[in-house]
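Novice: Have a look at this prediction, sequence included:
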Number of protein chains: 2
Amino acid sequence: MSKDRTIQHNFESEELESVFVGRRDNQARPTVILIPTVVGVSDLEIGFGRQLVELGYNALVADLFGKKFRGAPRDTMFGEMNRLKADRAALRRRLQHVLDLARGLSEVSKGQIVVAGYCFGGMCALDLARSGVDIAAAVSFHGLFDPPGLPEEKIKAKVVAFHGWDDPMVPPDKVVALGHELTAAGSDWQIHAYGHVAHGFTNPNAHTIGIEGVRYNELAAERSWTSFINLLEELFASHG
Amino acid sequence: MSKDRTIQHNFESEELESVFVGRRDNQARPTVILIPTVVGVSDLEIGFGRQLVELGYNALVADLFGKKFRGAPRDTMFGEMNRLKADRAALRRRLQHVLDLARGLSEVSKGQIVVAGYCFGGMCALDLARSGVDIAAAVSFHGLFDPPGLPEEKIKAKVVAFHGWDDPMVPPDKVVALGHELTAAGSDWQIHAYGHVAHGFTNPNAHTIGIEGVRYNELAAERSWTSFINLLEELFASHG
């Protein structure tokens, strides 16, 4: 039902390769930009994209790290993630570039773009919303909440964060801080917290990372996905 | 499609009058015990019950205060609520009585009972779960989170709390405390927090109470209802 195509694009002389997952009819539809975890574009996010296509949306699985890192060792990718995290202003430009890429695709309905990310990608989704861009929503799945330390903009996007309460990277004080931050920024926001749920809960292979506090949770994965689809229906109910 | 009938029952010599809202066929179905706000049984909760009946469930709108208080002035009801809140062990017995009442009804599928409450009733739903009873789930809509100060039991019920972040009665530290409490009690729990949302957000007439920080929010009312129905589907998907 879906077809995938890779898209080559360049950001500040880096070669990136994202994957567009859409319907065969090439019609413009509400589109979700999916921002992968620390390991970059993988079958996990492409699979989520295909599920979205089944529901009538398109998806763009965004490469932030570079084509040459596709399938690179995990240690390499943690280094790259830390490089991108170290300069949040530059990361914001990179995210804006991905948004511009999506807006330039004929299959993307311009006013109907949602950005959703996983782990590091969740932080990226929040960061794009924090930049004040005009997107419908930003969604974080077990994302990092650390604020970017940049001038605060009014957030236009709806924000939803799906959060495992036992996530060692995001303890309760950071959850409360995100609530305060999003309130101050005027965003229409939700945080869904799940008990006994760790970091990385949407990823069936999370345990292979071998980090304490990172593991799959089928129920949380299903609940967050259902609530995500509810959000898309709230936003785009009339599109189908 | 639904029919209502009042049920007279007695708790420790007090006369109570609850309202059962069910399908005309009288078949046993998964049933939601709805525990009203401080003002007691009203058209608001009966209306929610009718919506549940449309979806294939039954509902019991529980009277905790007494038949003679139906429609009583708000000041009177706040006094009665404070009376019930002052002795949480006695409140727990009262809630157990309501649960026993539900279990005794032929239209109630015994292993498929959910308790959901509003404001004070949300606290009651949590308190029933805290007592360790065998119910499928306890759901709080803008409920109070204050722990009962009683010996802690293992919580068997799934717990979901829908919470307005700007609820002046439940500041963020109480949200965090509930997360810790439910984790310690072993419950499968969720807290959905909504930004810019006050206390009483499911009640279109909340503003008439005239208390700062108590007001209706249509979007939060819809989101919490949708997530509530998602929970019922998660629990009882095969019942229909």
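Specialist: Structure's in. What do you need?

Novice: Distance check, the residue of chain A most remote from its centre against chain B.
Specialist: Of all residues in chain A, residue A:25 has its C-alpha farthest from the mean position, at 25.2 Å, by Cα atoms, centre = their mean. Distance from residue A:25 to chain B, counting by Cβ to the nearest Cβ, to the nearest Å: 29 Å. Any C-beta I mention is one placed from the backbone N, CA and C, and that applies to glycine too.

Novice: tell me, what residue is most central in chain A?
Specialist: Nearest to the mean C-alpha position of chain A, counting by Cα atoms, centre = their mean, stands residue A:117 at 1.4 Å.

Novice: Now do the same for that one: helix, strand or coil?
Specialist: strand (DSSP: H, G, I helix; E, B strand; the rest coil).

Novice: contacting residues around the residue found closest to residue A:111 once you drop the neighbours it is linked to in the chain?
Specialist: Once flanking residues are discounted, residue A:111 sits nearest to residue A:136: 7.5 Å by Cβ to Cβ, 6 or more residues apart in numbering or on different chains. For residue A:136, the contact set (Cβ atoms under 8 Å, 6 or more residues apart in numbering or on different chains) comprises A:30, A:111, A:112, A:113, A:114, A:157, A:158, A:235, A:236.

Novice: In CSV: those, plus pLDDT.
Specialist: Below are the contacts of residue A:136 laid out as CSV (pLDDT from 0 to 100):
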residue, pLDDT
A:30, 98
A:111, 94
A:112, 98
A:113, 98
A:114, 98
A:157, 98
A:158, 98
A:235, 98
A:236, 97
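
Novice: which one of these is nearest residue B:186?
Specialist: residue A:158 (33.2 Å; Cβ to Cβ).

Novice: Tell me how many other residues crowd the closest residue to the closest one other than its chain neighbours.
Specialist: The shortest distance from residue A:158 to any non-neighbouring residue, by Cβ to Cβ, 6+ apart, is to residue A:137 (4.2 Å). Neighbours of residue A:137 under the rule other Cβ atoms under 10 Å in any protein chain shown: 25.

Novice: Flag every buried residue along the longest helix anywhere in chain A.
Specialist: The longest helix of chain A (DSSP state H) is helix A:218-236. Using 16 or more other Cβ atoms under 10 Å in any protein chain shown as the test for burial, helix A:218-236 gives A:220, A:221, A:223, A:224, A:226, A:227, A:228, A:230, A:231, A:232, A:236.

Novice: Was I right to think the first one contacts residue A:164?
Specialist: Yes - with contacts counted by Cβ atoms under 8 Å, residue A:220 reaches residue A:164, the gap being 6.4 Å.

Novice: Which neighbours do those two have in common?
Specialist: The contact sets of residue A:220 and residue A:164 overlap at A:194, A:197, A:201 (Cβ under 8 Å, 6+ apart).

Novice: which of these come close to chain B?
Specialist: residue A:194 (Cβ under 8 Å from any Cβ of the partner chain).

Novice: Might one say that residue A:96 is in contact with residue A:128?
Specialist: Yes - counting by Cβ under 8 Å, residue A:96 does reach residue A:128; the two are 7.5 Å apart.

Novice: Tell me which of these two has more neighbours.
Specialist: The residue with more neighbours, out of residue A:96 and residue A:128, is residue A:128; 26 against 14, by other Cβ under 10 Å.

Novice: mind checking the SS state of that one?
Specialist: helix.

Novice: dump the residue contacts of the nearest residue to it once chain neighbours are set aside.
Specialist: Computed as Cβ to Cβ, 6+ apart, the closest residue to residue A:128 that is not its neighbour in sequence is residue A:95, at 4.5 Å. Residues in contact with residue A:95, defined by Cβ under 8 Å, 6+ apart, are A:35, A:64, A:115, A:124, A:127, A:128, A:131.

Novice: Contact residues of chain A facing chain B?
Specialist: For chain A, the residues in contact with chain B (Cβ under 8 Å from any Cβ) are A:159, A:165-166, A:172, A:175-176, A:179-180, A:182-183, A:187-196, A:219, A:222-223, A:226-227, A:230, A:234.

Novice: wait, doesn't the residue nearest to the centre of chain A sit right on residue A:125?
Specialist: Yes - assessed by Cβ under 8 Å, residue A:117 is found in contact with residue A:125 at 3.9 Å.

Novice: Give the residues shared as contacts by those two.
Specialist: A:35, A:139, A:140, A:143.

Novice: I'd like the residues you listed as JSON lines, with distance to residue B:104 appended.
Specialist: Formatted as JSON lines, those follow (distance: Cβ to Cβ, whole Å):
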{"residue": "A:35", "distance to residue B:104": "53"}
{"residue": "A:139", "distance to residue B:104": "45"}
{"residue": "A:140", "distance to residue B:104": "46"}
{"residue": "A:143", "distance to residue B:104": "47"}
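
Novice: Okay, and which of these map to strands?
Specialist: A:35, A:139, A:140 (DSSP state E).

Novice: For the last one, grab the count of nearby residues.
Specialist: Right, the one you point to is residue A:140. Residue A:140: 29 surrounding residues under other Cβ under 10 Å.

Novice: Low-confidence stretches in chain A?
Specialist: Across chain A, the ranges flagged by pLDDT under 70 are A:1, A:238-240.

Novice: Can you show me the strands along chain A?
Specialist: Counting by DSSP E, one finds strands in chain A at the ranges A:2-11, A:14-23, A:29-35, A:58-61, A:108-118, A:137-141, A:158-164, A:189-194.

Novice: Which stretch among the ones you listed is buried most, on average?
Specialist: Highest mean neighbour count of these: strand A:137-141, a mean of 29 (counted as mean count of other Cβ atoms under 10 Å in any protein chain shown).

Novice: count of residues packed around residue A:105?
Specialist: Other residues within reach of residue A:105, judged by other Cβ under 10 Å, total 17.

Novice: contacting residues around it?
Specialist: Per Cβ under 8 Å, 6+ apart, neighbours of residue A:105: A:7, A:20, A:31, A:60.
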